[in-house]
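Trainee: Sequence and predicted structure below; questions after.
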Amino acid sequence: MKKSRYTETQIFQILKESEAGVPVPELCRKHGMSSASFYKWRAKYGGMDVSSMKRLKELEEENARLKKMYAEEKLKAEIVSEALEKKW
């Protein structure tokens, strides 16, 4: 997964500036980002604080790890079942 150039605290500060009334195009120029990134962050992190954002990131990473573990175990189970079905 691609790592963001911006930390959670930086994203939080950018969103706070927006809530304070700074126009989005000005924010994008100031921080060197696209407006699409801003709106994506606002949709995902709007109304959160920094600790909530960090917790969300941790949960997303854990979820990805668990999905990978599940896929590996499912593959192992399929291999075993195929081996047991064959007649030697």
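Mentor: Yep, that arrived.

Trainee: Show me what the helix with the most length in the chain packs onto, helices and strands only.
Mentor: Once the chain is assigned using DSSP state H, the helix that runs over the most residues is helix 50-85. The contact analysis (3 or more C-beta pairs under 8 Å, 6 or more residues apart in numbering; DSSP states H and E) places helix 50-85 against helix 8-19. C-beta here means a position set from N, CA and C on the backbone, and glycine is covered the same way.

Trainee: which residues touch the helix or strand immediately after the helix it packs on in the chain?
Mentor: Next in sequence after helix 8-19, counting helices and strands by DSSP states H and E, comes helix 24-31. Contact with helix 24-31 is made by 6, 10, 14, 17-18, 33-35, 38-39, as judged by C-beta atoms under 8 Å, 6 or more residues apart in numbering.

Trainee: who touches the next helix or strand along the chain from helix 24-31?
Mentor: Once the chain leaves helix 24-31, the next helix or strand it forms, by DSSP H and E, is helix 35-45. Residues outside helix 35-45 that contact it (C-beta under 8 Å, 6+ apart) are 11-12, 14-15, 18, 24-25, 27-28, 53, 56.
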